[in-house]
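Enquirer: Just to be clear, the model below is a prediction. Sequence and coordinates:
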Amino acid sequence: MTNVVTLKINDQDVSGRDDETILELARENKIPIPTLCHLEGLSNIGACRLCLVEIKGMNKLLPACVAKVQEGMEVYTDTERLQKYRRTILEMLFAEGNHICSACVSNGRCELQRVAQKLGMDHVRLEYRYDNRTVDASHERFALDYNRCILCTRCVRVCDEIEGAHTWDVMGRGVESRVITDMHQPWGESETCTSCSKCVQVCPTGALFEKGKAVSEMTKRKGFLAYLTSMREGLK
Amino acid sequence: MSKIKLATVWMDGCSGCHMSFLDIDERLLELAPHIDLVYSPLVDYKEFPHGVDVTLVEGAVSNEEDLEKIKRVRQRTKILVSLGDCAVTGNVPSMRNSFGTKAVLERAYLDPSLTNPQIPNVVIPPLLPFARPLHTAVKIDVFVPGCPPSADTIYYLLSELLAGRKPDLNSMTRFGA
């Protein structure tokens, strides 16, 4: 059974169901919280940490995409501390990969780029890693540029939860982590991949793209997710 | 408004930011009475002068000359502007960084298809291990992302600096713009 709870977000009184996340309730009330790994229609995993929020009386910051609302909670979504952490998180993402926007298929259509601008990240103070990463262009229609992957795992989740193929997964730990297809075989040799392109469409950056696209040409279509999830909910 | 001493510097970049600066077009005439262009690829002064008010630097720090130059520019400039993605992030010049200078030089100069393959070792300054953003070498006062930043962005930047304000460029430009 769900109950109605009342709480405060940025000193504004709001109410919601107690099975809702802070992110859901904030967005219902048009209170912006930046996200990257979250995508409506997929499960939430709190991986990117951009949606961290402050709760009054709690020293720990909570990821709004997975933290549930509670009666009497006082949530702050845009404090100085959060701004500082979010900017550092973004800088770490930029420093870790090789995100050369001007030479990217997703330039101007990229969620990472958009969030960076929105949060005022005009340069990266951290040391860039200049990691030598590869590109997997073995698939007939799509390619994966590891330089631009931020490990949001949307591809992994959409392939598993929506397409049901579970072609994608994550291998390795820390900076060695990589998304892989099947048992780390070239994508083009994957036996489970149905070539549905859902992973490509939900990828927030230019890491997954359709072959033949030049700079700024890769438009991603995420609309299918809402249709598929609402159809499934109707079947339940 | 008193005249400010303006300089522009071109390091490891494609000159697109300078082209965008010129794309201000007729508004250059508005700016001209307030600006003394003391050093630039667009004028003929050989030495970077002392006492410059504002310097716009395009391009990454990629070789030993760039490094020496940016340090000298910093010493002689009040407000140092990192102009464009190469200056701000390393951008396209930094795409060589994952491979190492040896591989890059060999690919460019020792390709078997060339008639006289040789790596240049005189006159041209040696490459640094990485093409890096300006702020890794010197303190930067204003960051202007964009590849290139639009003429409007550069015009706004200069107008604000002329008015003695620090420009807020976030809504006007971004990486890759």
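Expert: Thanks, I have the structure now.
Enquirer: How about residue B:96, nearest residue that isn't a chain neighbour?
Expert: Nearest residue to residue B:96, sequence neighbours excluded (Cβ to Cβ, 6 or more residues apart in numbering or on different chains): residue B:104, at 4.7 Å. The way it works is simple: take the backbone N, C-alpha and C, and place the C-beta from them, glycine included.
Enquirer: what about the one you found, which helix or strand?
Expert: Assigned by DSSP states H and E, residue B:104 belongs to helix B:101-109.
Enquirer: Against which helices or strands is that helix packed?
Expert: strand B:127-132 (3 or more Cβ pairs under 8 Å, 6 or more residues apart in numbering or on different chains; DSSP states H and E).
Enquirer: What residues does chain B have near chain A?
Expert: Applying Cβ under 8 Å from any Cβ of the partner chain, we find that chain B lies next to chain A at B:82, B:85, B:88-92, B:94-95, B:97-99, B:130, B:132-133, B:135-136, B:140, B:143-145, B:147, B:169-170, B:174-177.
Enquirer: Now intersect those with the helices, please.
Expert: Assigned to helices by DSSP state H, the following of these qualify: B:85, B:88-89.
Enquirer: List the buried residues in stretch B:34-54.
Expert: Of all the residues in stretch B:34-54, those buried under the rule 16 or more other Cβ atoms under 10 Å in any protein chain shown are B:35, B:38-40, B:48, B:52-54.
Enquirer: Take those residues and write them to CSV, including secondary structure.
Expert: Output for the buried residues of stretch B:34-54, formatted as CSV (DSSP: H, G, I helix; E, B strand; the rest coil):
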residue, secondary structure
B:35, strand
B:38, strand
B:39, strand
B:40, coil
B:48, coil
B:52, strand
B:53, strand
B:54, strand
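Enquirer: which among these gets closest to chain A?
Expert: Here the nearest of these to chain A, counting by Cβ to the nearest Cβ, is residue B:54; it sits at 17.5 Å.
Enquirer: List the contacts of residue B:170.
Expert: Residue B:170 sits next to A:117, A:120, A:122 when contact means Cβ atoms under 8 Å, 6 or more residues apart in numbering or on different chains.
Enquirer: on contacts alone, who are the packing partners of the lowest-mean-pLDDT helix or strand in chain A?
Expert: The least trusted helix or strand in chain A, going by mean pLDDT, DSSP states H and E, turns out to be helix A:223-235, with a mean of 86. Counting contacts by 3+ Cβ pairs under 8 Å, 6+ apart, helix A:223-235 packs against helix A:198-202.
Enquirer: and after the helix it packs on, which helix or strand comes next?
Expert: Sequence-wise, the next helix or strand downstream of helix A:198-202 (DSSP H and E) is strand A:208-210.
Enquirer: can that next one be found next to chain B?
Expert: No - using Cβ under 8 Å from any Cβ, strand A:208-210 stays clear of chain B, coming no nearer than 15.1 Å.
Enquirer: tally of neighbours for residue 100?
Expert: If you meant another chain, say so; for now it's chain A. Residue A:100 has 22 neighbouring residues, counting by other Cβ atoms under 10 Å in any protein chain shown.
Enquirer: You answered for a different chain; I wanted chain B.
Expert: Residue B:100, neighbours per other Cβ under 10 Å, totals 15.
Enquirer: returning to that earlier point: state the pair within the buried residues of stretch B:34-54 that is farthest apart.
Expert: The distance between the two most remote of the buried residues of stretch B:34-54 (Cβ to Cβ) is 16.7 Å, for B:35 and B:48.
Enquirer: Point out the residues in chain A that sit beside chain B.
Expert: Contact residues (Cβ under 8 Å from any Cβ) of chain A with chain B: A:94, A:98-104, A:107-108, A:113, A:116-117, A:120, A:122-125, A:127-128, A:130-133.
Enquirer: give the contact list for the closest residue to residue B:157 other than its chain neighbours.
Expert: Of all residues not flanking residue B:157 in the chain, residue B:167 sits nearest, at 5.1 Å (Cβ to Cβ, 6+ apart). Contact partners of residue B:167, counting by Cβ under 8 Å, 6+ apart, are B:142, B:156-157, B:160-161.
Enquirer: Highest neighbour count among those residues?
Expert: In terms of neighbours by other Cβ under 10 Å, the contacts of residue B:167 top out with residue B:157 at 22 neighbours.
Enquirer: That one should be in a helix, yeah?
Expert: Yes - counting by three-state DSSP, residue B:157 is found in a helix.
Enquirer: Let me know the pLDDT of residue B:177.
Expert: If you check residue B:177, the pLDDT there is 89.
Enquirer: For the chain, just list every one of the strands.
Expert: No chain in the question, so chain A it is. Ranges of strands in chain A, per DSSP state E, are A:4-9, A:12-17, A:52-55, A:62-63, A:74-76, A:135-136, A:142-145, A:168-171, A:178-181, A:208-210.
Enquirer: my question was about chain B
Expert: Using DSSP E, the strands of chain B run over B:4-10, B:35-39, B:52-58, B:61-63, B:77-83, B:127-132, B:142-144.
Enquirer: Looking at those, which is nearest to residue A:195?
Expert: strand B:127-132 (37.8 Å).
Enquirer: Partner strands of that closest one and their direction?
Expert: With DSSP bridges as the test, strand B:127-132 is paired with strand B:61-63 (antiparallel).
Enquirer: tell me the contacts of residue A:97?
Expert: So residue A:97 contacts A:131, A:133, A:146-150 (Cβ under 8 Å, 6+ apart).
Enquirer: can you rerun that using 6 Å?
Expert: By Cβ atoms under 6 Å, 6 or more residues apart in numbering or on different chains, the contact set of residue A:97 is A:147-148.
Enquirer: Quickly note the distance from it to chain B.
Expert: 11 Å (Cβ to the nearest Cβ, to the nearest Å).
Enquirer: And residue A:228, by the same measure?
Expert: 31 Å.
Enquirer: count of neighbours near that residue?
Expert: Burial measure for residue A:228: 16 neighbouring residues, criterion other Cβ under 10 Å.
Enquirer: Residue A:96 too?
Expert: Look at residue A:96: counted by other Cβ under 10 Å, it has 16 neighbours.
Enquirer: what does residue A:194 give?
Expert: Applying other Cβ under 10 Å, we find 12 residues neighbouring residue A:194.
Enquirer: Mind pulling up the pLDDT for the spatially most central residue of chain A?
Expert: Central residue of chain A (Cα atoms, centre = their mean): residue A:37, 1.7 Å from the mean position. Listed pLDDT for residue A:37 reads 98.
Enquirer: Am I right that it is in contact with residue A:47?
Expert: Yes - the pair residue A:37 / residue A:47 is scored as a contact, 4.4 Å apart, by Cβ atoms under 6 Å.
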